[in-house]
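Visitor: only geometry, no sequence info:
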């Protein structure tokens, strides 16, 4: 049976409204009956879709979710938090704390919706970013060392060219340092080092 596009779109919109009513009704009553006051908000990405969700951080109950056909924006999250704010206020409950990841999507909508309610970044996400930051610092040091290598003339310097030989030795030393930093870069973020690894780390960081 052929269904005109406009009719199909209306059916989809009607289904979305019905789902919203169910989520905002009996489901929320169940989710908020033992509300702790502390929530965790997150966004997930699945192909072209984005999913917003809020979970009671202490009771581990999913309270709200919303599926988008695009990546979430500040406006999407602001509207999503307005739904949460209304649901909490209608039940005479109070939000006491919010946890999110380090995404820049959240601070502005949270201030708009909940004012000065305490907002913290999830420690897991902070710890996840630290190793990447350290590896970036090691890469930046390799880049700095590469730029500091002296410019050499082609060919091997003769025994009479003392300055050229000194610069060649310096260039080799710097290149060895760069190679050591690259090969041992994960020593900087490994939690526990073997004695041989610790010795290697001390060697490549010497000076």
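Guide: Nice, I can see it. In this text, all values refer to a predicted model and were calculated from it rather than measured experimentally.
Visitor: can I assume residue 55 sits in a strand?
Guide: Yes - under DSSP: H, G, I helix; E, B strand; the rest coil, residue 55 sits within a strand.
Visitor: What's the per-residue pLDDT of it here?
Guide: For residue 55, the pLDDT comes out at 92.
Visitor: try residue 10
Guide: Note on residue 10: pLDDT of 50.
Visitor: can you tell me the helix or strand for the closest residue to residue 93 other than its chain neighbours?
Guide: Of all residues not flanking residue 93 in the chain, residue 35 sits nearest, at 5.2 Å (CB to CB, 6 or more residues apart in numbering). Where you see a C-beta, it was placed from the backbone N, CA and C, and this is true even at glycine. Under the criterion DSSP states H and E, no helix or strand holds residue 35.
Visitor: Now do the same contact list for residue 35.
Guide: Counting by CB atoms under 8 Å, 6 or more residues apart in numbering, residue 35 makes contact with 56, 59, 88, 91, 93.
Visitor: Please verify my assumption that the last one contacts residue 37.
Guide: Spelled out, it's residue 93. Yes - counting by CB atoms under 8 Å, residue 93 does reach residue 37; the two are 7.3 Å apart.
Visitor: Tell me where the chain has helices.
Guide: Here the chain has its helices, by DSSP state H, at 5-22, 28-32, 74-90, 107-114, 123-148, 162-183, 195-204.
Visitor: for the record, mean pLDDT for the fourth one?
Guide: When you say that, I think you mean helix 107-114. 90.
Visitor: since we're on residue 113, how many residues are nearby?
Guide: Neighbours of residue 113 under the rule other CB atoms under 10 Å: 20.
Visitor: so how far is residue 122 from it?
Guide: Distance, residue 113 to residue 122, by CB to CB, to the nearest Å: 19 Å.
Visitor: No further queries at this time; thank you.
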